[in-house]
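Student: Give me a 3D structure for the following:
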Amino acid sequence: MGTTTPEEMICIGCGEKMPEERAELGYRYCTKDSCQAQYHRGLAVTAFGLNKSGETFVVADADEIRRRGEAGEFRKKDSGVGLDYRPTGAPAAPRPRVPQQRRRQPAPRRPWTPEQEKITRLYHDMGLSPRQIVARARENAPRLQLTDALVVKILSSLPR
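Tutor: Numbering: from 1, shown residues only. Below you'll find the model as predicted:
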């Protein structure tokens with residue numbers, strides 16, 4: 001480290017004595033806000049949001065960033081896949097839209113009867129599990145012939 005003279009340890013802004021290590025680093029002004037505002041000429045870190053890839057950071061002084069921005073360096077780039085993906089010449093006229101006729105979908109066929117669904121939903125609303133629903137239906141309505149698989153299908157479908 002080199003030696004410093006008393007002249008180099010005086011701030012050029014306020015005239016007060018500067019810290020010795022700041023003078024050794026080559027600064028001629030102190031760290032007071034007023035001196036920093038007047039003499040600091042550092043680089044700016046500027047973030048530009050480009051496309052979906054996140055931000056691009058540029059470290060430069062304000063004049064250079066303004067000049068590069070005016071030159072169009074930070075605008076959205078044309079990111080087409082190939083060179084000739086856009087048609088040349090006059091744009092094509094839009095084709096007239098032909099309305100498509102919708103075919104009616106038949107209602108989904110349910111492999112159970114309305115009575116089976118009614119008793120299943122009734123027992124389910126009482127808080128019974130599918131296995132308990134089958135057991136209770138075999139006792140009270142054996143003619144409905146409910147099975148575990150059928151009860152699960154009924155409970156998984158939308159109610160009518």
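Student: which parts of stretch 114-130 are buried?
Tutor: 116-117, 119-121, 123-124, 128, 130 (16 or more other CB atoms under 10 Å). In this view, the C-beta of every residue, glycine as well, is placed from N, C-alpha and C.
Student: Tell me where the model's unsure across the protein.
Tutor: 1-8, 50-53, 76-93 (pLDDT under 70).
Student: That one: helices as residue ranges?
Tutor: Using DSSP state H, the helices of the chain run over 20-24, 33-39, 62-70, 114-125, 130-140, 148-156.
Student: Turn the ones you listed into a markdown table, including distance to Ala107.
Tutor: Putting the helices of the chain into a markdown table (distance: least, CB to CB, whole Å) gives the following:
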| stretch | distance to Ala107 |
| --- | --- |
| helix 20-24 | 85 |
| helix 33-39 | 77 |
| helix 62-70 | 62 |
| helix 114-125 | 13 |
| helix 130-140 | 24 |
| helix 148-156 | 16 |
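Student: No further questions, thank you.
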